[in-house]
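[1] sequence first, then the predicted structure, then my questions.
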Amino acid sequence: MADRINWSAFPNLRDFDRFNVVETTGTPGEITITMNTASAVTLWKSIKFINIHTGRILTEQQTQDANHGPVRIRISSADYPAHKFTIAKAKIFGIHTDMYDIFELVEKDGRSITLTWLTDGPDNVFSAIGSFFSDLVNGVIAAVTTVVRAVVTVIDAVVGFILNALAWVAGFIFSLPVIGRIIEGIVNIIGWLVSTIINAVLDIIFGLLSIIGIRPPEKLLRIVIIVQQDGFGVPVATAAEVQAQLDVMIELYKVRANIKVIPFRPFQFTTPFSSHAATAVEDFTVFENRPSTPQTLDVNCGAAAFGDDLLTTGSSFELKINNLFWGNARRLVGHGAPIYVFAVRSFIGGTSAGCSLALWSNYVTVQFNSGQPVTGMAHECGHACNLWAHTTSPPAFPSNLMRTGTPATLPATLEDGQVILMRAAHHCTFF
């Protein structure tokens, strides 16, 4: 995964990459980036603008061997919000690797930037050996992760059918008001505790290995978005409204926490070698085909929501989830349990855009309709993944995803401590 950096990170980047940067006035409404390489820099290099939602390359230029540039790419202001600037180079065994991403394109509107790549490797044999082995181990870990994920995915879909059926029966017990809801809450807390301990131990190990250049592997977060119908049979959210919030969540979780958000369904294969899995709202979303009752359409938040979860509202949500079948086994076990995101019509009192009961429940409720913050779903899933509300009082960062009271400004961010807590959550697992 490429490092997310900002423009001020130049000229000295990680992995022995050194640049000379010259910035001049360019054409308003566009950014021009030119790259040259020093005579000693002959391995493949690339600069490109990439769509952050689809991964499609808008424009790219490369250098290699005797071609030292200059090569040039441009992007217009209309494309800033959906794209990032990426610098790539050939790594171990000549594998083309994205190294650095910059998302804050608007900061350089009307500027012409020339990057001269001065060095791209270690300056002594010991550093070279260390770099080689860290690259090799990172590649092996990614390959092993890909294979194990494929095996787990097949087991999930085949053997998991029986386990899901057993868990489906348990779901009916969990749907009983009060006693069933309490039992599920206790099961969720136990699953959260065991899974969090497992994740924390593994994260500590990989944190220590990062000292020698071995990166913590990518984690997966499975979500299911359930769009309810109102009393007239009209969905309470459109595909476009859900997509807007989904895009923000996928990008932020991946870039900041190296957590890939994926849809939960049978035979959903994914690999660390690709930045994103599916990004289309249709892959994540279940549009219900019958009207819901007001108790799940117009919901409470806070302590009132907890009380509702113990009664018929929680029972109704549980039955909706249980009837989806796939995911019941993971919910029962806790480790890698999906988060179920219910699109609701309104929040009673009108002061919320979303709500989560944190580790007590595997579902969150979100308003997707126009006028709601596009960070809503990412914020509520953050609560489900160990993050608490971030105060709006100084010195809170206005762009922090977990900011409460006022929605986070875009692009939303997460602090390092929040990333650690999120990656330890029972919903976020390697497989």
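    Nice, thanks for sending it over. Residues are numbered from 1 along each chain as shown.
[2] for residue 103, list the residues it contacts.
    Residue 103 makes contact with 4, 52, 84, 255, 411 under the criterion Cβ atoms under 8 Å, 6 or more residues apart in numbering. (Each C-beta comes from the backbone N, C-alpha and C, glycine too.)
[3] surely the third one is in contact with residue 102?
    Okay, so that is residue 84. Yes: taking contacts as Cβ atoms under 8 Å, residue 84 lies within contact range of residue 102: 6.3 Å.
[4] any idea what residue 349 is structurally, helix, strand or coil?
    coil (DSSP: H, G, I helix; E, B strand; the rest coil).
[5] if you could redo that for residue 32, that was the one I meant.
    Three-state call for residue 32 (three-state DSSP): strand.
[6] for residue 23, see how far away it is.
    According to Cβ to Cβ, to the nearest Å, residue 32 and residue 23 sit 10 Å apart.
[7] give me the common contacts of these two.
    With Cβ under 8 Å, 6+ apart, residue 32 and residue 23 have common neighbours 111, 112, 113.
[8] and the host helix or strand of the second one, what does it pack against?
    Just to be clear, that refers to residue 112. Residue 112 is located in strand 111-120, with elements delineated by DSSP states H and E. The elements that strand 111-120 packs onto, with contact taken as 3 or more Cβ pairs under 8 Å, 6 or more residues apart in numbering; DSSP states H and E, are strand 17-25, strand 30-37, strand 45-51.
[9] got TSV for the ones you listed, with mean pLDDT, mean neighbour count and distance to residue 98 too?
    Output for the helices and strands packed on strand 111-120, formatted as TSV (pLDDT from 0 to 100; neighbours: other Cβ atoms under 10 Å; distance: least, Cβ to Cβ, whole Å):
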stretch	mean pLDDT	mean neighbour count	distance to residue 98
strand 17-25	95	13	13
strand 30-37	97	21	15
strand 45-51	94	22	8
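[10] grab the most central residue of the protein for me.
    Geometric centre of the chain, nearest residue: residue 253, 2.5 Å, by Cα atoms, centre = their mean.
[11] so which helix or strand of the protein has the lowest pLDDT on average?
    Least confident helix or strand of the chain, by mean pLDDT, DSSP states H and E, is helix 125-158 with a mean of 75.
[12] all strands for the stretch 201-350 of the chain, in order.
    Using DSSP state E, counting those that start in this stretch, the strands of the stretch 201-350 of the chain run over 219-229, 259-263, 285-291, 298-299, 339-343, 346-347.
[13] between these, which one is closest to residue 18.
    Closest to residue 18 of those, according to Cβ to Cβ: strand 259-263, at 31.0 Å.
[14] quick one: low-confidence ranges for the stretch 301-431 of the chain?
    For the stretch 301-431 of the chain, the stretches flagged by pLDDT under 70 are 391-396.
[15] what about the helices in it?
    All helices of the stretch 301-431 of the chain, identified by DSSP state H, counting those that start in this stretch, fall at 303-310, 312-322, 328-333, 376-384, 416-423.
[16] just those: most buried one?
    Mean neighbours per residue, mean count of other Cβ atoms under 10 Å, is largest over those for helix 376-384, with a mean of 26.
[17] what does that helix contact?
    Residues contacting helix 376-384 (Cβ under 8 Å, 6+ apart): 221, 223, 225, 245-246, 248-249, 252-253, 339, 341, 353-356, 358-359, 362, 364-368, 373, 389, 401-402, 407-408, 412, 414, 418, 422, 425, 427.
[18] ok, now with 6 Å
    With Cβ atoms under 6 Å, 6 or more residues apart in numbering as the contact definition, helix 376-384 has outside contacts at 245, 248-249, 252, 339, 341, 353-354, 356, 358, 364, 366, 401-402.
[19] what of stretch 414-427?
    191-192, 195-196, 199-200, 203, 219, 221, 256-257, 334-335, 337, 339, 385-387, 401.
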